[in-house]
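> fold the following, please.
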Amino acid sequence: GHATAHLDNICEVMFDPPTAQVADHVVNWAACHGEYTNGGIYSNFQGPYSMTPHCIAGRPVHQGDFDWLKQFWSGYRQLGVPRAVSAMFAEGHEGSGELIRTMDGDLRSFIEDFVEAGEDDSWLFLTSDHGHHMGPWHLWTSAGRLERTLPLLIILAPKSFLSR
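Numbers count the residues shown, from 1 in each chain. Sure thing, here's the model as predicted:
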């Protein structure tokens, strides 16, 4: 099998906790942090779904998430164990698109590291639970309503699979 991990930016105490272990490693280190959740106050300008940068101690939360993912990835690589990871980033849950742009460089670096490592036993799936659904665009245009129903799916597959 694979070593599995799930990283999440949603504080599970806000919702019903999972009834089963979804992965070998489940991490939501920042999701319930008081500085990140703003004491449970959520608005367009405060909390984990706001359009303001999501930081703890002045550092973007997603950078800590990528650091953890890289440690997981490299630790199991050294053991020769294939890996499978799912990760949820709340930066996509705001309407302007500015906040998700703060992740661009770090996401690019993470993907480049994956590709440069020549992973031939692991898959990387980038997904979303839905397409863009904030603001008047999705409400008042047919293209916007269609985009809402189209979640992201990007797959980086092992070269050995692609050569078949």
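> only C-alpha atoms from now on, for both contacts and neighbour counts.
Will do.
> list the contacts of the longest helix seen in the chain.
Ranked by residue count under DSSP state H, the longest helix found in the chain is helix 61-78. Taking contacts as C-alpha atoms under 8 Å, 6 or more residues apart in numbering, the residues outside helix 61-78 that touch it are 3, 7, 30, 54, 55, 82, 83, 89, 103, 106, 107, 110.
> contacting residues around the last one?
This means residue 110. Residue 110 is in contact with 66, 70, counting by C-alpha under 8 Å, 6+ apart.
> what about it, distance to residue 126?
12 Å (C-alpha to C-alpha, to the nearest Å).
> surely residue 23 and residue 7 touch.
No: look at residue 23 against residue 7 with C-alpha atoms under 8 Å: they stay out of range, at 9.7 Å.
> which of these two has more neighbours?
Here residue 23 and residue 7 are set side by side on neighbour count (other C-alpha atoms under 10 Å), and the busier one is residue 7, at 22 against 15.
> elements contacting the lowest-mean-pLDDT helix or strand in the chain?
Each helix and strand of the chain was given a mean pLDDT (mean pLDDT, DSSP states H and E); the minimum falls on helix 136-140 at a mean of 72. Using 3 or more C-alpha pairs under 8 Å, 6 or more residues apart in numbering; DSSP states H and E as the contact criterion, the secondary-structure elements in contact with helix 136-140 are helix 142-148.
> isn't residue 7 up against residue 28?
Yes: between residue 7 and residue 28 a contact is recorded at 5.8 Å, counting by C-alpha under 8 Å.
> what residues are shared contacts of these two?
Overlap between the contact sets of residue 7 and residue 28, as judged by C-alpha under 8 Å, 6+ apart, is nil.
> now the strands: where do they sit in the protein?
Shown for the chain, the strands assigned by DSSP state E span residues 3-7, 25-27, 55-56, 59-60, 83-87, 124-127, 153-156.
> ok, which of the ones you listed comes nearest residue 34?
Across the strands of the chain, residue 34 has its closest neighbour in strand 55-56 (9.0 Å, C-alpha to C-alpha).
> which residues are in contact with that closest one?
30, 35, 36, 61.
> just checking: what are the partner strands of it?
Sheet pairing for strand 55-56, assigned by DSSP bridges, gives strand 59-60 (antiparallel).
> I'd like the distance from the strand it pairs with to the chain centre, please.
For strand 59-60, the gap between its own C-alpha mean and the chain's C-alpha mean amounts to 15 Å (C-alpha atoms, centre = their mean, to the nearest Å).
> just to revisit the earlier point, which residues touch the least confident helix or strand of the chain?
Applying C-alpha under 8 Å, 6+ apart, the set of residues contacting helix 136-140 from outside is 132, 144, 145, 147, 148.
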